[in-house]
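> pasting the structure only:
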């Protein structure tokens, strides 16, 4: 039985696991979308949600607590600026996990972790021209 067991071990030492999860959360907050395995996604989601909640509360103490997880100053500024404003009225649930199938090499269950309400990147000129040409043909 696994009653009251804190988190998944992910077949790593505690130092390796925490470093990996911090890097994943930093990447998630920077790019707003990452692809990883389902167990790693579920663990990264926990840290990302806590970090965004700290940003919403604001203050120096919470900034320092968030800096334990987020290892980039630029990303930390983004979390305490842009993301804080974006999720000001949302009471939680800042991330979404979508399963995308199995990895070809080892059949690991893969997932996309992304921030909800994220802005889509503008399409490149080439993609926009293709889309316009496609619409004009119809």
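In hand now; what should we look at? Quantities reported herein were computed from a predicted structural model and do not represent experimental measurements.
> use CA for all of it now, contacts and neighbours both
Will do.
> state the mean pLDDT of stretch 97-116.
Averaging pLDDT along stretch 97-116 gives 96.
> any idea how far apart the tips of it sit?
Taking CA to CA, to the nearest Å as the measure, stretch 97-116 stretches 10 Å from start to finish.
> any buried residues in it, and which?
97, 99, 110-115 (16 or more other CA atoms under 10 Å).
> what's the most distant pair in the residues you listed?
110 and 115 (16.9 Å; CA to CA).
> relative to residue 67, how far out is the residue lying farthest from the centre of the chain?
The centre of the chain is farthest from one residue, residue 137, which by CA atoms, centre = their mean lies 38.7 Å away. To residue 67, residue 137 is 52 Å away according to CA to CA.
> strands along this protein, start to end?
Listed in chain order, the strands of the chain (DSSP state E) span 33-37, 95-102, 109-115.
> chain center to the shortest one: distance?
With CA atoms, centre = their mean, to the nearest Å as the basis, strand 33-37 stands 8 Å off its chain's centre.
> partner strands of it, parallel or antiparallel?
The pairing partners recorded for strand 33-37 under DSSP bridges are strand 109-115 (antiparallel).
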